[in-house]
Structure formats: structure tokens, C-alpha cells
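Participant: For reference, the sequence and a predicted model appear below.
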Amino acid sequence: MKNQNSTGESFLPNFCSRDVLLLILIVSELVAVMLTLSTSDTWKEVKTQFFTFTIFILWISLTNLFLLCSLRPFINQFSNLVVSVLTFLVIQLVTAFFTAVFYYLAQLTDIAIEWEANWLLKNILRNVGVSMIATAIALRYWYVLKQWQLNVQAEARSRVVALQARIRPHFLFNSMNSIASLTRSDPEKAEEAVEDLA
């Protein structure tokens with residue numbers, strides 16, 4: 001990634017917008033469905049796992065959305081590399097935090113989980129690992145999308161400049177023809193037209 005964006009704005013989307021909120025909610029639910037289907041064996045497990053994954057993923061997603069929305073003015077001051085690292089770290093810390101919160105809530109409520117030695121550490125590593133992959137993909141997607149948008153804008157500007165450059169000679173040629181035709185019929189208007197053209 002380049003160090004500095006040519007427009008001076010971050011490549012990240014506006015996390016405060018409703019469109020981004022809706023997108024994050026949809027993607028979160030799709031991930032919950034995917035994880036549920038890949039880990040459940042019975043219909044009863046599907047319902048329980050889906051509820052658990054939905055709550056867990058939405059906690060993480062909405063907290064990250066809130067934090068990144070709140071930090072947006074601060075984060076946008078930095079280069080794309082620093083923005084990426086800060087965003088990446090925030091998301092991983094939130095994921096690790098909510099994995100630990102889930103662990104302690106499960107212990108308090110006696111949720112039937114097969115506890116192993118080092119359950120918390122294993123799950124933090126697993127969840128942060130999945131989060132790292134998803135975050136890296138999302139950051140790369142947003143960066144490429146922003147670069148594409150900047151390229152489209154630059155191409156549109158260059159086309160406008162090229163069209164303006166092509167129009168100027170025609171305008172000058174047409175103006176000179178008009179002045180030439182006026183020199184014989186109305187020399188005073190021709191002189192005014194030359195002054196206006198200058």
C-alpha cells in the first residue's frame with residue numbers, strides 16, 4: 001500500500017454511515033450461518049450454535065463499528081499504512097476481549113461447554129486468527145476499491161481536460177471566421193469582436 005493517499009482521505013469507508021452498518025450486519029449474519037452450518041451436527045445444535053455465533057459475532061462487529069466510527073477523525077490523520085495497522089489492531093483486540101468475556105459469561109451461567117485446559121487461550125488464538133484473515137481481506141478490498149475510485153475520477157478529469165483542449169481550437173477557428181465575415185459587412189462589429197476575443 002502507498003504511504004499517502006493522493007486525496008488525503010483514508011481508504012476506509014465511513015463506519016458511521018447506515019450503508020456500512022447494514023453491510024456489516026449482513027456479512028456478520030452470513031458468517032454466523034457459515035460457522036453454524038460447518039460446526040453443527042443436529043437441528044438442535046443448529047439453533048443453539050446459530051444463536052451463540054450471532055450474538056458473539058454481532059458483539060464484535062458492532063463494537064468494532066462503533067470504535068472505528070469514533071476513531072475516524074483521529075485515524076484519518078495518518079498514512080494508509082498506519083490506518084491499516086491501527087484498524088487491524090483495534091479489531092483484533094476487540095475480538096480477543098469478547099472471546100474472554102464470552103468465556104467468563106459461559107462460566108457464570110454454566111453454559112454446557114466442553115471445557116479443556118487452556119480453553120480460553122485456544123479460543124482467543126482461533127478467533128483472533130479468523131479475525132485476522134477476515135480483517136486483512138476487508139482492508140485489502142477497501143484499499144483496492146478506493147484506488148479504483150480514484151483512478152475512475154482521474155480518468156474522468158483527464159477526459160474533460162482532453163475535450164476542453166479539443167474544443168478551444170474549434171472555438172477560436174469559428175470566432176475568427178465570424179470576425180472575417182464581419183470585416184467586410186460591418187468593420188466596427190468586427191473590431192469589437194476582436195477586442196472581446198482578446
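Facilitator: All right, it came through fine.

Participant: C-alpha only now, for contacts and for neighbours.
Facilitator: Noted.

Participant: can you give me the mean pLDDT across stretch 131-138?
Facilitator: The pLDDT scores in stretch 131-138 average 92.

Participant: For that stretch, buried residues please.
Facilitator: For stretch 131-138, burial by neighbour count (16 or more other CA atoms under 10 Å) applies to 131-132, 135.

Participant: Stretch 98-111 too?
Facilitator: For stretch 98-111, burial by neighbour count (16+ other CA under 10 Å) applies to 98-100, 102-103.

Participant: Take those residues and lay them out in JSON lines including distance to W142.
Facilitator: Listed next are those as JSON lines, based on distance: CA to CA, whole Å:
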{"residue": "F98", "distance to W142": "25"}
{"residue": "T99", "distance to W142": "26"}
{"residue": "A100", "distance to W142": "29"}
{"residue": "F102", "distance to W142": "30"}
{"residue": "Y103", "distance to W142": "32"}
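
Participant: Inside helices: which ones of the residues you listed?
Facilitator: If you go by DSSP state H, the buried residues of stretch 98-111 have 98-100, 102-103 in helices.

Participant: from these, which single one is nearest S178?
Facilitator: F98 (76.5 Å; CA to CA).

Participant: tell me what whichever helix in the chain runs longest is packed against?
Facilitator: Among the segments of the chain that qualify as a helix by DSSP H, the longest is helix 119-185. If you count contacts as 3 or more CA pairs under 8 Å, 6 or more residues apart in numbering; DSSP states H and E, helix 119-185 packs onto helix 80-109, helix 187-197.
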